[in-house]
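Sequence and predicted model, in that order:
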Amino acid sequence: MSAGLFGLLDDVAALARLAAASIDDIGAATGKATAKAAGVVIDDTAVTPQYVHGITADRELPVIKRIAIGSLRNKIVFILPVALLLSQFAPWMLTPILMLGATYLCFEGAEKVWGYVAKHGAGGHHDAPAGAVGGDAERYMVTGAIRTDFILSAEIMVIALNEVTHQPFFPRLIILVIVALVITAAVYGVVAGIVKMDDIGLALTQRNSRFAKWIGRGLVAGMPKLLTALSAIGTVAMLWVGGHILLVGTNTLGWHGPYGLVHHAEEFVHHALANAAGLGGVAAWLVNTAASAVIGLVVGAIVVATMHVLPFGKKDKHS
(Lines give C-alpha, C1' and ligand atoms only; values in the text may rest on other atoms or scores of the structure.)
Protein backbone atom coordinates (compact mmCIF):
# COMPACT_ATOMS: atom_id res chain seq x y z
CA MET A 1 0.00 0.00 0.00
CA SER A 2 2.71 2.45 1.05
CA ALA A 3 4.82 1.52 -1.98
CA GLY A 4 1.86 2.26 -4.27
CA LEU A 5 1.24 5.57 -2.49
CA PHE A 6 4.89 6.62 -2.83
CA GLY A 7 4.85 5.59 -6.48
CA LEU A 8 1.76 7.75 -7.04
CA LEU A 9 3.41 10.69 -5.28
CA ASP A 10 6.48 10.25 -7.47
CA ASP A 11 4.27 10.33 -10.56
CA VAL A 12 2.50 13.46 -9.30
CA ALA A 13 5.86 15.10 -8.57
CA ALA A 14 7.11 14.21 -12.04
CA LEU A 15 3.98 15.70 -13.62
CA ALA A 16 4.37 18.83 -11.49
CA ARG A 17 7.99 19.20 -12.63
CA LEU A 18 6.90 18.71 -16.24
CA ALA A 19 4.16 21.33 -15.86
CA ALA A 20 6.60 23.75 -14.21
CA ALA A 21 9.11 23.20 -17.01
CA SER A 22 6.36 23.81 -19.58
CA ILE A 23 5.38 27.06 -17.83
CA ASP A 24 9.03 28.11 -17.75
CA ASP A 25 9.35 27.31 -21.46
CA ILE A 26 6.21 29.31 -22.27
CA GLY A 27 7.48 32.22 -20.16
CA ALA A 28 10.87 32.21 -21.84
CA ALA A 29 9.34 31.89 -25.30
CA THR A 30 6.88 34.70 -24.55
CA GLY A 31 9.74 36.96 -23.46
CA LYS A 32 11.74 36.16 -26.57
CA ALA A 33 8.76 36.68 -28.89
CA THR A 34 7.88 39.99 -27.22
CA ALA A 35 11.48 41.21 -27.44
CA LYS A 36 11.64 40.40 -31.16
CA ALA A 37 8.57 42.58 -31.76
CA ALA A 38 10.04 45.48 -29.75
CA GLY A 39 10.84 47.59 -32.81
CA VAL A 40 7.23 47.65 -33.97
CA VAL A 41 6.10 48.23 -30.37
CA ILE A 42 8.30 51.35 -30.22
CA ASP A 43 6.75 52.53 -33.46
CA ASP A 44 3.21 51.81 -32.21
CA THR A 45 3.88 53.69 -28.95
CA ALA A 46 5.41 56.63 -30.79
CA VAL A 47 2.64 56.94 -33.37
CA THR A 48 -0.43 56.47 -31.14
CA PRO A 49 -0.34 59.84 -29.25
CA GLN A 50 -1.00 61.57 -32.59
CA TYR A 51 -4.47 60.00 -32.65
CA VAL A 52 -5.72 62.12 -29.73
CA HIS A 53 -4.20 65.36 -30.97
CA GLY A 54 -6.77 68.15 -30.89
CA ILE A 55 -9.46 66.47 -28.77
CA THR A 56 -10.53 67.76 -25.36
CA ALA A 57 -8.68 66.55 -22.28
CA ASP A 58 -11.73 64.76 -20.85
CA ARG A 59 -12.00 62.60 -24.00
CA GLU A 60 -8.32 61.59 -24.27
CA LEU A 61 -8.43 58.52 -22.01
CA PRO A 62 -11.81 57.25 -23.35
CA VAL A 63 -10.46 57.52 -26.91
CA ILE A 64 -7.26 55.68 -25.99
CA LYS A 65 -9.36 52.99 -24.26
CA ARG A 66 -11.45 52.52 -27.42
CA ILE A 67 -8.33 52.27 -29.58
CA ALA A 68 -6.74 49.80 -27.13
CA ILE A 69 -9.85 47.58 -27.21
CA GLY A 70 -9.83 47.75 -31.00
CA SER A 71 -6.14 46.89 -31.06
CA LEU A 72 -6.68 43.85 -28.82
CA ARG A 73 -9.60 42.77 -31.01
CA ASN A 74 -7.36 43.11 -34.07
CA LYS A 75 -4.73 40.87 -32.51
CA ILE A 76 -6.85 38.15 -30.93
CA VAL A 77 -10.03 37.96 -33.02
CA PHE A 78 -8.71 38.63 -36.53
CA ILE A 79 -4.92 38.20 -36.73
CA LEU A 80 -4.24 35.37 -34.28
CA PRO A 81 -6.51 32.70 -35.85
CA VAL A 82 -5.20 33.40 -39.35
CA ALA A 83 -1.58 33.44 -38.16
CA LEU A 84 -2.00 30.14 -36.29
CA LEU A 85 -3.65 28.46 -39.27
CA LEU A 86 -0.86 29.63 -41.56
CA SER A 87 1.84 28.49 -39.13
CA GLN A 88 0.15 25.10 -38.86
CA PHE A 89 -0.62 24.43 -42.52
CA ALA A 90 1.39 26.91 -44.62
CA PRO A 91 4.39 28.14 -42.59
CA TRP A 92 6.20 29.10 -45.81
CA MET A 93 3.76 32.02 -46.16
CA LEU A 94 4.91 33.74 -42.93
CA THR A 95 8.03 35.28 -44.47
CA PRO A 96 6.25 36.79 -47.52
CA ILE A 97 3.49 38.16 -45.24
CA LEU A 98 6.09 39.66 -42.93
CA MET A 99 7.81 41.27 -45.91
CA LEU A 100 4.54 42.66 -47.24
CA GLY A 101 3.82 44.29 -43.89
CA ALA A 102 7.41 45.51 -43.72
CA THR A 103 7.02 47.19 -47.10
CA TYR A 104 3.99 49.04 -45.76
CA LEU A 105 6.02 50.19 -42.72
CA CYS A 106 8.76 51.43 -45.07
CA PHE A 107 6.14 53.29 -47.10
CA GLU A 108 4.69 54.95 -44.00
CA GLY A 109 8.16 55.91 -42.74
CA ALA A 110 9.31 57.28 -46.11
CA GLU A 111 6.08 59.25 -46.49
CA LYS A 112 6.70 60.87 -43.11
CA VAL A 113 10.28 61.69 -44.09
CA TRP A 114 8.95 63.25 -47.30
CA GLY A 115 6.49 65.26 -45.20
CA TYR A 116 9.33 66.63 -43.07
CA VAL A 117 11.53 67.40 -46.09
CA ALA A 118 8.67 69.11 -47.95
CA LYS A 119 7.89 71.01 -44.72
CA HIS A 120 4.22 70.09 -44.57
CA GLY A 121 4.36 67.92 -41.45
CA ALA A 122 4.25 64.19 -41.06
CA GLY A 123 0.88 63.73 -42.67
CA GLY A 124 -2.63 63.82 -41.35
CA HIS A 125 -3.88 60.31 -42.03
CA HIS A 126 -6.22 60.36 -39.05
CA ASP A 127 -7.67 63.86 -39.31
CA ALA A 128 -11.46 63.89 -39.48
CA PRO A 129 -13.03 65.17 -42.71
CA ALA A 130 -14.16 68.78 -42.89
CA GLY A 131 -17.51 69.29 -41.20
CA ALA A 132 -17.18 66.32 -38.84
CA VAL A 133 -17.66 67.43 -35.24
CA GLY A 134 -18.11 65.92 -31.79
CA GLY A 135 -18.85 62.19 -31.75
CA ASP A 136 -18.56 61.87 -35.55
CA ALA A 137 -15.04 63.32 -35.58
CA GLU A 138 -14.02 61.13 -32.64
CA ARG A 139 -15.49 58.02 -34.25
CA TYR A 140 -13.65 58.76 -37.51
CA MET A 141 -10.38 59.24 -35.61
CA VAL A 142 -10.77 56.03 -33.60
CA THR A 143 -11.69 54.02 -36.72
CA GLY A 144 -8.65 55.33 -38.60
CA ALA A 145 -6.37 54.61 -35.64
CA ILE A 146 -7.64 51.03 -35.29
CA ARG A 147 -7.27 50.50 -39.04
CA THR A 148 -3.63 51.61 -38.96
CA ASP A 149 -3.06 49.61 -35.76
CA PHE A 150 -4.15 46.50 -37.68
CA ILE A 151 -0.98 46.67 -39.81
CA LEU A 152 1.28 47.21 -36.80
CA SER A 153 -0.54 44.52 -34.79
CA ALA A 154 -0.21 42.05 -37.66
CA GLU A 155 3.53 42.72 -37.80
CA ILE A 156 3.85 42.28 -34.03
CA MET A 157 1.93 39.01 -34.00
CA VAL A 158 3.65 37.51 -37.05
CA ILE A 159 7.11 38.50 -35.74
CA ALA A 160 6.23 36.89 -32.39
CA LEU A 161 4.81 33.82 -34.14
CA ASN A 162 7.97 33.49 -36.21
CA GLU A 163 9.92 33.03 -32.95
CA VAL A 164 7.71 30.21 -31.61
CA THR A 165 6.89 28.13 -34.70
CA HIS A 166 8.83 25.24 -33.12
CA GLN A 167 6.37 25.13 -30.21
CA PRO A 168 3.36 22.74 -30.24
CA PHE A 169 0.04 24.31 -31.21
CA PHE A 170 -1.47 25.00 -27.77
CA PRO A 171 1.70 26.45 -26.16
CA ARG A 172 2.03 28.59 -29.31
CA LEU A 173 -1.55 29.80 -28.83
CA ILE A 174 -0.96 30.62 -25.15
CA ILE A 175 2.27 32.49 -25.94
CA LEU A 176 0.66 34.62 -28.64
CA VAL A 177 -2.35 35.49 -26.48
CA ILE A 178 0.03 36.59 -23.69
CA VAL A 179 2.10 38.61 -26.18
CA ALA A 180 -1.08 40.31 -27.46
CA LEU A 181 -2.25 41.18 -23.93
CA VAL A 182 1.16 42.35 -22.66
CA ILE A 183 2.03 44.45 -25.69
CA THR A 184 -1.40 46.08 -25.92
CA ALA A 185 -1.38 46.93 -22.20
CA ALA A 186 2.19 48.24 -22.39
CA VAL A 187 1.67 50.38 -25.50
CA TYR A 188 -1.59 51.99 -24.49
CA GLY A 189 -0.62 52.29 -20.83
CA VAL A 190 2.45 54.30 -21.85
CA VAL A 191 0.40 56.32 -24.34
CA ALA A 192 -2.18 57.16 -21.66
CA GLY A 193 0.62 58.39 -19.40
CA ILE A 194 2.12 60.49 -22.18
CA VAL A 195 -1.09 62.24 -23.24
CA LYS A 196 -2.05 63.06 -19.62
CA MET A 197 1.40 64.34 -18.71
CA ASP A 198 0.53 67.94 -19.53
CA ASP A 199 -2.64 67.72 -17.36
CA ILE A 200 -0.54 66.35 -14.50
CA GLY A 201 1.92 69.20 -15.02
CA LEU A 202 -0.88 71.77 -15.03
CA ALA A 203 -2.26 70.35 -11.78
CA LEU A 204 1.20 70.53 -10.20
CA THR A 205 1.54 74.21 -11.11
CA GLN A 206 -1.50 74.89 -8.88
CA ARG A 207 0.22 73.41 -5.82
CA ASN A 208 1.76 75.59 -3.09
CA SER A 209 5.12 73.80 -3.24
CA ARG A 210 7.74 75.61 -5.33
CA PHE A 211 9.25 72.26 -6.29
CA ALA A 212 5.86 70.95 -7.48
CA LYS A 213 5.34 74.15 -9.51
CA TRP A 214 8.79 73.73 -11.06
CA ILE A 215 8.09 70.11 -12.01
CA GLY A 216 4.66 71.06 -13.37
CA ARG A 217 6.01 73.86 -15.57
CA GLY A 218 8.68 71.46 -16.86
CA LEU A 219 6.07 68.86 -17.79
CA VAL A 220 3.85 71.40 -19.55
CA ALA A 221 6.78 72.90 -21.46
CA GLY A 222 8.30 69.51 -22.27
CA MET A 223 5.21 67.82 -23.74
CA PRO A 224 5.42 69.38 -27.25
CA LYS A 225 9.11 68.46 -27.43
CA LEU A 226 8.38 64.91 -26.24
CA LEU A 227 5.66 64.44 -28.86
CA THR A 228 7.98 65.78 -31.57
CA ALA A 229 10.72 63.41 -30.44
CA LEU A 230 8.28 60.48 -30.36
CA SER A 231 7.17 61.26 -33.89
CA ALA A 232 10.79 61.21 -35.08
CA ILE A 233 11.50 57.98 -33.15
CA GLY A 234 8.40 56.40 -34.66
CA THR A 235 9.53 57.30 -38.17
CA VAL A 236 13.02 55.88 -37.61
CA ALA A 237 11.53 52.75 -36.02
CA MET A 238 9.27 52.19 -39.03
CA LEU A 239 12.22 52.37 -41.43
CA TRP A 240 14.50 50.31 -39.20
CA VAL A 241 12.00 47.53 -38.48
CA GLY A 242 10.67 47.43 -42.04
CA GLY A 243 14.14 47.41 -43.56
CA HIS A 244 15.41 44.72 -41.17
CA ILE A 245 12.45 42.43 -41.90
CA LEU A 246 13.06 42.85 -45.65
CA LEU A 247 16.79 42.21 -45.18
CA VAL A 248 16.23 38.98 -43.25
CA GLY A 249 13.31 37.96 -45.46
CA THR A 250 15.26 38.19 -48.71
CA ASN A 251 17.98 36.05 -47.15
CA THR A 252 15.39 33.46 -46.04
CA LEU A 253 13.89 33.38 -49.55
CA GLY A 254 17.30 32.75 -51.14
CA TRP A 255 18.65 36.19 -52.11
CA HIS A 256 21.69 36.24 -49.83
CA GLY A 257 23.60 39.23 -51.25
CA PRO A 258 22.20 42.18 -49.19
CA TYR A 259 22.15 40.22 -45.93
CA GLY A 260 25.66 38.93 -46.57
CA LEU A 261 27.04 42.46 -47.14
CA VAL A 262 25.48 43.79 -43.94
CA HIS A 263 26.60 40.72 -41.98
CA HIS A 264 30.21 41.10 -43.21
CA ALA A 265 30.14 44.80 -42.27
CA GLU A 266 28.89 43.87 -38.80
CA GLU A 267 31.66 41.30 -38.34
CA PHE A 268 34.32 43.73 -39.56
CA VAL A 269 33.25 46.43 -37.09
CA HIS A 270 32.85 43.92 -34.26
CA HIS A 271 36.38 42.54 -34.76
CA ALA A 272 37.88 46.01 -35.24
CA LEU A 273 36.50 47.10 -31.85
CA ALA A 274 36.81 43.73 -30.11
CA ASN A 275 39.17 45.18 -27.48
CA ALA A 276 37.16 48.34 -26.85
CA ALA A 277 35.34 47.26 -23.67
CA GLY A 278 32.23 45.84 -25.28
CA LEU A 279 31.86 48.56 -27.90
CA GLY A 280 32.28 46.00 -30.69
CA GLY A 281 28.85 44.49 -30.14
CA VAL A 282 27.18 47.90 -29.86
CA ALA A 283 28.90 49.19 -33.01
CA ALA A 284 27.94 46.03 -34.92
CA TRP A 285 24.31 46.49 -33.87
CA LEU A 286 24.42 50.12 -35.00
CA VAL A 287 25.77 49.04 -38.39
CA ASN A 288 22.91 46.60 -38.83
CA THR A 289 20.36 49.16 -37.63
CA ALA A 290 21.69 51.89 -39.94
CA ALA A 291 21.78 49.55 -42.93
CA SER A 292 18.24 48.35 -42.19
CA ALA A 293 16.99 51.94 -41.91
CA VAL A 294 18.63 52.87 -45.23
CA ILE A 295 17.07 49.83 -46.92
CA GLY A 296 13.72 50.78 -45.41
CA LEU A 297 14.05 54.36 -46.64
CA VAL A 298 15.00 53.28 -50.17
CA VAL A 299 12.17 50.74 -50.43
CA GLY A 300 9.72 53.19 -48.89
CA ALA A 301 10.78 55.98 -51.24
CA ILE A 302 10.22 53.70 -54.24
CA VAL A 303 6.71 52.86 -52.99
CA VAL A 304 5.92 56.53 -52.26
CA ALA A 305 7.11 57.55 -55.74
CA THR A 306 5.04 54.75 -57.29
CA MET A 307 1.96 55.80 -55.32
CA HIS A 308 2.36 59.39 -56.54
CA VAL A 309 2.65 58.21 -60.15
CA LEU A 310 -0.29 55.77 -60.17
CA PRO A 311 -3.73 57.26 -60.90
CA PHE A 312 -5.32 56.17 -57.59
CA GLY A 313 -2.34 57.59 -55.70
CA LYS A 314 -2.85 60.98 -57.35
CA LYS A 315 -6.55 60.83 -56.64
CA ASP A 316 -5.98 60.14 -52.94
CA LYS A 317 -3.45 62.90 -52.75
CA HIS A 318 -5.80 65.55 -54.12
CA SER A 319 -9.03 64.31 -52.60
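Arrived safely.

start to end distance for stretch 75-91?
For stretch 75-91, the first and last residues are 19 Å from each other (C-alpha to C-alpha, to the nearest Å).

who touches it?
Contacts of stretch 75-91 with the rest of the structure, by C-beta atoms under 8 Å, 6 or more residues apart in numbering, involve 93-94, 97, 150, 153-154, 156-158, 161, 165, 169, 172-173, 176-177, 180, 183-184. C-betas here are computed from N, CA, C, even on glycine.

same thing but at 7 Å, please
For stretch 75-91, contacts defined as C-beta atoms under 7 Å, 6 or more residues apart in numbering pick out 93-94, 153-154, 157-158, 161, 165, 169, 172-173, 176-177, 180, 184.

Among these, which lie within helices?
Those of the contacts of stretch 75-91 mapping onto helices are 94, 153-154, 157-158, 161, 169, 172-173, 176-177, 180, 184, per DSSP state H.

coming back round to it: of the contacts of stretch 75-91, buried ones?
Burial by neighbour count, 16 or more other C-beta atoms under 10 Å: within these this picks out 94, 153-154, 157-158, 161, 172, 176, 180, 184.

got the residues you listed as JSON lines, with distance to residue 235 and pLDDT columns?
Formatted as JSON lines, the buried ones among the contacts of stretch 75-91 follow (distance: C-beta to C-beta, whole Å; pLDDT from 0 to 100):
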{"residue": "94", "distance to residue 235": "26", "pLDDT": "84"}
{"residue": "153", "distance to residue 235": "19", "pLDDT": "84"}
{"residue": "154", "distance to residue 235": "20", "pLDDT": "84"}
{"residue": "157", "distance to residue 235": "22", "pLDDT": "84"}
{"residue": "158", "distance to residue 235": "22", "pLDDT": "82"}
{"residue": "161", "distance to residue 235": "26", "pLDDT": "83"}
{"residue": "172", "distance to residue 235": "33", "pLDDT": "84"}
{"residue": "176", "distance to residue 235": "28", "pLDDT": "86"}
{"residue": "180", "distance to residue 235": "25", "pLDDT": "88"}
{"residue": "184", "distance to residue 235": "22", "pLDDT": "89"}
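
Now the two most distant members of the ones in helices among the contacts of stretch 75-91.
For those, with distances taken as C-beta to C-beta, the pair at the greatest spread is 169 and 184 (22.6 Å).
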